[in-house]
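1. Sequence and predicted model, in that order:
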Amino acid sequence: MTQLSAVLDRADQNFSASLDRLFDLVRIPSISTDPAYAADCRKAAEWLAKVLSELGFEASVRNTSGHPMVVAHHEAKAPDAPHVLFYGHYDVQPVDPLNLWDNDPFDPSIQELEGGRKVITGRGTADDKGQLLTFVEACRAYRDIHGGLPIRITILFEGEEESGSPSLKPFLEANAAELKADYALVCDTGMWDKDTPAIAAALRGLVGEEVTVKAADRDLHSGLFGGAAANPIHILANILAGLHDETGRVTLPGFYNGVEETPANIKASWEKLGRSAESFLGEVGLSVPSGEKGRSVLELTWARPTAEVNGITGGYTGEGFKTVIAAQASAKVSFRLVGQQDPSAVRESFRAYVRSKIPADCTVEFHEHGGSPAIQLSYDSPVLTKAKTALSDEWPKPAVVIGMGGSIPIVGDFQKMLGMDSLLVGFGLVDDRIHSPNEKYDLQSFEKGIRSWIRIIDALGK
């Protein structure tokens with residue numbers, strides 16, 4: 001028996017107790033957004049700190065202006081071992097409407113679905129208590145066999161992720177030296193399917209802009225002024241229409257600076273996932289992909305930047321009809337960024353383009369709605385390669401490296417504030433009903449998630 005197989009066997013032997021511990025944690029109604037549950041949030045933090053202390057971590061509950069953080073440290077057996085920061089969150093979403101739950105959301109149980117698939121039910125089982133405990137229980141099994149861990153581990157468990165993380169950035173700033181590691185491990189994502197693990201290597205960034213075009217000093221009668229007075233709705237419509245060319249590319253000067261082509265082997269692996277434009281768009285009643293021509297739907301949503309109009313207002317929009325030329329018109333525009341695109345440069349390019357389209361007797365105003373860069377882990381990163389191999393050894397199908405169309409704020413914070421890349425490995429499934437009634441976590445996700453982290457921890461230690 002190899003050293004690794006001995007640890008995996010110990011995890012299997014521990015599994016019933018691991019499941020009991022998950023049930024204990026899920027029973028704590030740590031709803032962060034409702035002040036009535038503040039004591040329960042602290043109770044969950046204290047529960048985690050106690051469990052980590054029992055595993056040999058130097059663990060503590062740290063007060064913030066909101067719900068507490070849990071910070072824990074464990075040294076490695078080898079002094080030159082890599083140092084990782086593992087992140088998860090112990091808070092959960094509210095359970096309303098309660099009448100739509102089949103069972104008490106804070107009384108977890110094992111249920112059997114059609115086809116014999118077993119799941120763990122309860123609020124927080126998938127998001128994120130079950131996920132974070134896969135890592136904790138992996139550390140437990142490794143210590144049981146080896147008396148220590150092959151890598152240096154710092155753990156950060158947050159209690160406000162589901163309510164906007166208001167205390168997180170101040171906490172990172174105040175404790176940057178303590179929390180900085182070689183890289184972060186984040187377990188708050190999902191698998192490609194129930195048999196195929198996934199590593200998210202790319203998260204798109206975001207730039208949000210609201211633009212308002214102003215013309216006359218009041219709404220005008222379209223019979224008296226139509227054809228002579230500038231119409232801000234026309235001006236704005238022309239501006240928005242010009243954001244893309246006939247091939248779907250964004251026309252802003254310098255927009256594609258920092259955008260690199262996805263490696264051919266990665267695109268080939270995405271093609272094998274079988275996600276066609278028809279199957280993806282068919283779920284929402286569409287069939288023809290928009291965006292850049294000649295790109296697959298996964299490439300468009302994971303690895304290419306976008307410009308999208310999210311809302312337009314101007315003129316009379318009430319019941320009936322009113323023949324006016326509006327005094328002003330507004331639009332909300334967002335840009336999803338990839339690679340090394342600079343949010344500030346994209347914003348300035350957009351504003352310069354808009355200004356170039358404004359008539360001399362009209363004006364334009366801009367209102368910023370946030371901006372964050374994309375996150376991109378190198379596809380040939382040794383950390384990613386080790387994790388991919390470790391996951392592939394555990395699951396029925398090889399692990400896939402994917403992108404994510406949206407963003408995870410904590411990953412950007414780790415990169416910007418602590419200078420760390422993040423490895424995103426999670427075991428959630430698309431049907432886990434997170435944030436909804438009847439949340440569940442597959443029993444296999446919990447069991448093989450523990451075994452997966454054992455393999456990853458072992459691989460990183462080598």
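-> In hand now; what should we look at?
2. separation between the residue most central in space within the chain and Leu203?
-> Nearest to the centroid of the C-alpha atoms of the chain, with distances taken as Cα atoms, centre = their mean, sits Ile408, at 3.2 Å. Look at Ile408 and Leu203: by Cβ to Cβ, to the nearest Å, they are 6 Å apart. For glycine as for every other residue, the C-beta is placed from the backbone atoms N, C-alpha and C.
3. Find residues that contact each of the two.
-> Common contacts of Ile408 and Leu203 (Cβ atoms under 8 Å, 6 or more residues apart in numbering): Ile375, Leu424.
4. show me the contacts for the residue lying closest to Gly190 once chain neighbours are set aside.
-> Nearest non-adjacent residue to Gly190, counting by Cβ to Cβ, 6 or more residues apart in numbering: Gly428, 3.8 Å away. Shown in contact with Gly428 (Cβ under 8 Å, 6+ apart): Ala126, Asp127, Gln131, Thr189, Gly190, Met191, Ile434, Tyr441, Ser445.
5. now, which of these sits nearest Arg355?
-> Comparing the contacts of Gly428 against Arg355 with Cβ to Cβ places Thr189 closest, at 39.9 Å.
6. Dihedrals phi and psi, that closest one?
-> Backbone torsions of Thr189, given as degrees, to the nearest 10, read phi -130, psi -160.
7. pLDDT score assigned to it?
-> Confidence at Thr189, expressed as pLDDT, is 93.
8. For the residue lying closest to it once chain neighbours are set aside, list the residues it contacts.
-> Take Thr189 and drop its neighbours on the chain: the residue closest to it by Cβ to Cβ, 6+ apart is Gly426, 3.4 Å away. Residues near Gly426 by Cβ under 8 Å, 6+ apart: Gln131, Val186, Cys187, Asp188, Thr189, Gly190, Met191, Ala198, Ala200.
9. Among those, which ones are in helices?
-> Secondary structure from DSSP state H places Gln131 of the contacts of Gly426 in helices.
10. Val71 contacts Leu179, doesn't it?
-> Yes: in this structure Val71 lies within contact range of Leu179 using Cβ atoms under 8 Å: 7.5 Å.
11. Name the residues contacting each of the two.
-> Thr154, Leu156.
12. biggest helix in this structure by residues?
-> Longest helix of the chain, by residue count under DSSP H: helix 3-26.
13. neighbour-wise, which of the contacts of Gly428 leads?
-> Within the contacts of Gly428, most neighbours by other Cβ atoms under 10 Å means Tyr441, with 30 neighbours.
14. That residue reaches Leu132, doesn't it?
-> No: using Cβ under 8 Å, Tyr441 is not in contact with Leu132; the gap is 11.5 Å.
15. sec struct for Thr247, please.
-> Thr247 carries the three-state label coil when classified by DSSP: H, G, I helix; E, B strand; the rest coil.
16. hang on, isn't it packed against Glu292?
-> Yes: because the distance of 6.5 Å satisfies Cβ under 8 Å, Thr247 is recorded as touching Glu292.
17. The two - which one has more neighbours?
-> Higher neighbour count among Thr247 and Glu292: Glu292, with 17 against 9, using other Cβ under 10 Å.
18. domain assignment for this protein?
-> 3-203+374-460, 205-259+305-372 (automatic domain parsing).
19. how long is the longest one end to end?
-> Spelled out, that is domain 3-203+374-460. Domain 3-203+374-460 has an end-to-end distance of 15 Å (criterion: Cα to Cα, to the nearest Å).
20. And it, how far out from the chain middle?
-> Its chain's C-alpha centre and that of domain 3-203+374-460 lie 13 Å apart, by Cα atoms, centre = their mean, to the nearest Å.
21. Just put the contacts of Gly428 in a markdown table and tack on distance to His367.
-> Below are these laid out as a markdown table (distance: Cβ to Cβ, whole Å):
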| residue | distance to His367 |
| --- | --- |
| Ala126 | 37 |
| Asp127 | 32 |
| Gln131 | 37 |
| Thr189 | 32 |
| Gly190 | 34 |
| Met191 | 39 |
| Ile434 | 32 |
| Tyr441 | 41 |
| Ser445 | 42 |
